[in-house]
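Engineer: sequence first, then the predicted structure:
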Amino acid sequence: MQNRVAVWLGAFSGFYRPDIAELRRLDVISRFLYAARSVILVISAQAALIAGLLAAADRAFHWTEFMAVLAGFVVAHMISNLSNDYFGFVRGHDKPDSPRMRYTIHPLASGILSRRALWMGCGVLASLGSAVLLYFLVERGGLAAAFAACGISLLLLYDVAPVSIKSLGLGEFAVLLVWGPLMIGGGYAMIAGHVSHDALYASVPYGLGVMSILNGKHIDQRAFDAGQHIGTLPVRMGEAAARRLTRLTIVLMYGLIAALIVLRRLTPFTAVVVLALPRAAHALGVLARPAPATPPAGYTGWPLWYHRACLVHNRLFGWLYILGLSAGAIWPGPGR
């Protein structure tokens, strides 16, 4: 059992894991966690932590509500990942030559999960998510209903709708909205019981970071998506313009943190994010050049190139932002 738990925890760390033969030997929970791309769930956990720390700085933190927010965010993200894979598979986008099939395990196309197992797992997740939603509807009333309606609508529009917002070049901006104001601003509201303009402002730098991750991924998949008539933002803008936009997104993350500190919307402790600047510089350098034709020796996650640089940067940026907000929660200062 100890080894099994270690495998479960391993699904949340590192990068992507493409070894199908090894995964097929694992238990169904391990396979489900890898199929749900649990390694990327850290961005939702970080969003919940940011919301909780902003509430703590305002002396409006409640443990029960925070734990419910954390669980709800992670569950919703897992459902989104599995839904994206399911509809990509049934619509014929996730083919053997697609990037999605090469950088990690596809739950259905790889055969590591049956449709029945996938839907059973989604049913369990939906039950957990519904319980969290019901709790907040009782505790927060119309405020919870408004945030939930926005989040569920964007989830359905991204994957389920016949003409998805992803194919209209709006998916990247939807991610900014979801992991920024909706998750962090909405998470704060669920924890504290009221909306905070400061929390909404503080959510934008992190939302931009998540946008950079998705934009990087869609740049990596641009040629394939164009052939499938999937009009992501990089398909519509072109690769060079999309890389410039992603670089601007990363620069804005730091610029907005600085502006919010000057305006006393954040405490100076959040300036600790500058420790992520070396990774930001690396990501900017990667985005400044066309991707190589073949992966470097030992590279994990190919053909993802820009996506990986942005993900590695945002992961560190998020933890440092959380560190700075933690100090700000202990010593809020005049800005709070």
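Structural biologist: Arrived safely, thanks for sending.

Engineer: what's the local residue count around Leu260?
Structural biologist: Leu260 has 19 neighbours, counted by other Cβ atoms under 10 Å. Glycine gets a C-beta too; all of them are placed from N, C-alpha and C.

Engineer: that one: what's it in contact with?
Structural biologist: Shown in contact with Leu260 (Cβ atoms under 8 Å, 6 or more residues apart in numbering): Tyr201, Ala202, Pro205, Leu266, Thr270.

Engineer: who are the neighbours in contact with the closest residue in space to the last one that isn't next to it in sequence?
Structural biologist: Put plainly, it is Thr270. Nearest residue to Thr270, sequence neighbours excluded (Cβ to Cβ, 6 or more residues apart in numbering): Gly324, at 3.6 Å. Residues in contact with Gly324 (Cβ under 8 Å, 6+ apart) are Leu266, Thr267, Phe269, Thr270, Ala271, Val272, Val273.

Engineer: what about 7 Å?
Structural biologist: Shown in contact with Gly324 (Cβ atoms under 7 Å, 6 or more residues apart in numbering): Phe269, Thr270, Ala271, Val272, Val273.

Engineer: could you single out the nearest of the contacts of Leu260 to Leu128?
Structural biologist: Checking the contacts of Leu260 against Leu128 by Cβ to Cβ gives Ala202 as the nearest, at 27.5 Å.

Engineer: and that closest one, what's its pLDDT?
Structural biologist: Note on Ala202: pLDDT of 97.

Engineer: what about it, which helix or strand?
Structural biologist: Counting by DSSP states H and E, the element that carries Ala202 is helix 197-220.

Engineer: quick check: buried residues in that helix?
Structural biologist: Neighbour counts over helix 197-220 (16 or more other Cβ atoms under 10 Å) mark 198-220 as buried.

Engineer: circling back to that earlier point, pLDDT averaged over the one helix or strand the residue nearest to Thr270 maps to - what is it?
Structural biologist: Assessed by DSSP H and E, Gly324 sits inside helix 306-330. The pLDDT scores in helix 306-330 average 96.

Engineer: give me the angle between it and helix 197-220.
Structural biologist: Counting by axes from the mean of the first three to the mean of the last three Cα atoms, to 10 degrees, helix 306-330 lies at 170 degrees to helix 197-220.

Engineer: Asp97 versus Lys251, what's the distance?
Structural biologist: Quick fix: residue 251 reads Val, not Lys. Counting by Cβ to Cβ, to the nearest Å, the gap from Val251 to Asp97 is 35 Å.

Engineer: which one's more surrounded, those two?
Structural biologist: With neighbours defined as other Cβ under 10 Å, Val251 and Asp97 compare such that Val251 has more, 13 against 8.

Engineer: mind showing which ranges of the stretch 151-300 of the chain have poor pLDDT?
Structural biologist: Nowhere does the stretch 151-300 of the chain drop to pLDDT under 70.

Engineer: for the helix holding Gly324, what is the distance to the chain centroid?
Structural biologist: 13 Å (Cα atoms, centre = their mean, to the nearest Å).

Engineer: stretch 57-75 now?
Structural biologist: Per Cα atoms, centre = their mean, the centroid offset for stretch 57-75 relative to its chain is 17 Å.

Engineer: again, but for stretch 100-110
Structural biologist: For stretch 100-110, the distance to the chain centre is 19 Å (Cα atoms, centre = their mean).

Engineer: I'd like the average pLDDT over that stretch.
Structural biologist: For stretch 100-110, mean pLDDT is 75.

Engineer: give the buried residues for that stretch.
Structural biologist: Result for stretch 100-110 [16+ other Cβ under 10 Å]: buried residues Arg100, Met101, Tyr103, Thr104, Ile105, His106, Pro107, Leu108, Ala109, Ser110.
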